[in-house]
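Participant: the amino acid sequence is not available; the structure is as follows:
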């Protein structure tokens, strides 16, 4: 069955450092992969999408990589700020079917 | 942009009663919406795909008679938790995708969620 795992449940880093979050998937061949941010008690918000033919995507302080051989995506937040503290979710997407499944999520805390 | 609303945001009910949650796409038509459930400190679990004008598609292990989904219009889907019990207490979130250019656009737009507490 399809499985989506994110590296750790919780990640604490010092302000200003780079946070790196991992998303691994099995029994899946996604055409693209998305990252979402979720704050407590709220719905997720879309951050970035990367396609299978793209190695890297950037948006301001965010960077996503996608390695279809390793079946892995890395999500980086550079110059992290306390406001980046949230749970981050990955969601591989397929061209067939229109539903999404989410990874287990990583709770990031940026310590001032 | 795309805005999805949910109502109510909070509901407390007695065990055995039914609760209806509404999900609306405010500025676009959503022929398909999704219902997720989230327990504290856990990820979103897809419950069902709601299709306008037809039956919902439920994920394995989700009781369709327990969680009734109706998608009667292009902008509204409802989830009714029937005969709710304390174990149904959870955070319910809906989402929708836009259709454009002959394709489903990849991004999902989420509602703010509904917190259900069953006493």
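Facilitator: Yes, it's here. Model, not experiment: these values are computed from the prediction.
Participant: quick one, grab the pLDDT at the residue of chain A found nearest chain B.
Facilitator: Nearest residue of chain A to chain B (CB to the nearest CB) works out as residue A:43 at 3.3 Å. In this view, the C-beta of every residue, glycine as well, is placed from N, C-alpha and C. Listed pLDDT for residue A:43 reads 94.
Participant: where does it land in three-state SS?
Facilitator: Under DSSP: H, G, I helix; E, B strand; the rest coil, the three-state class of residue A:43 is coil.
Participant: with residue A:83 instead?
Facilitator: The local conformation at residue A:83, judged by three-state DSSP, is helix.
Participant: tell me how many other residues crowd it.
Facilitator: 8 (other CB atoms under 10 Å in any protein chain shown).
Participant: re earlier: and the closest residue to the residue of chain A closest to chain B other than its chain neighbours, what's its pLDDT?
Facilitator: Nearest non-adjacent residue to residue A:43, counting by CB to CB, 6 or more residues apart in numbering or on different chains: residue B:110, 3.3 Å away. Looking at residue B:110, its pLDDT is 94.
Participant: then residue A:33?
Facilitator: Confidence for residue A:33, expressed as pLDDT, is 92.
Participant: next one: the helix or strand containing it to chain centre, how far?
Facilitator: Per DSSP states H and E: residue A:33 is located in strand A:32-38. Offset of strand A:32-38 from its chain centre (CA atoms, centre = their mean, to the nearest Å): 5 Å.
Participant: show me where chain A has its strands.
Facilitator: Using DSSP state E, the strands found in chain A span residues A:3-6, A:10-14, A:19-26, A:32-38, A:45-51, A:56-59, A:62-67, A:72-77, A:86-93, A:106-111.
Participant: no, scratch that, I was asking about chain B
Facilitator: B:4-7, B:10-13, B:19-25, B:32-38, B:45-51, B:57-58, B:67-73, B:76-81, B:90-100, B:103-110, B:114-118.
Participant: which residues sit against the first one?
Facilitator: Put plainly, it is strand B:4-7. Here strand B:4-7 makes contact (CB atoms under 8 Å, 6 or more residues apart in numbering or on different chains) with A:43, B:21-26, B:30, B:92-96, B:109-114.
Participant: hang on, the residue of chain A closest to chain B packs against residue B:108?
Facilitator: No - when contacts are counted by CB atoms under 8 Å, residue A:43 is not listed as touching residue B:108 (9.4 Å).
Participant: between the two, which is the more surrounded one?
Facilitator: residue B:108 (28 against 23).
Participant: what pLDDT is listed against the nearest residue to that one once chain neighbours are set aside?
Facilitator: The shortest distance from residue B:108 to any non-neighbouring residue, by CB to CB, 6+ apart, is to residue B:95 (4.4 Å). pLDDT, residue B:95: 94.
Participant: what's the answer for residue B:54, then?
Facilitator: pLDDT, residue B:54: 84.
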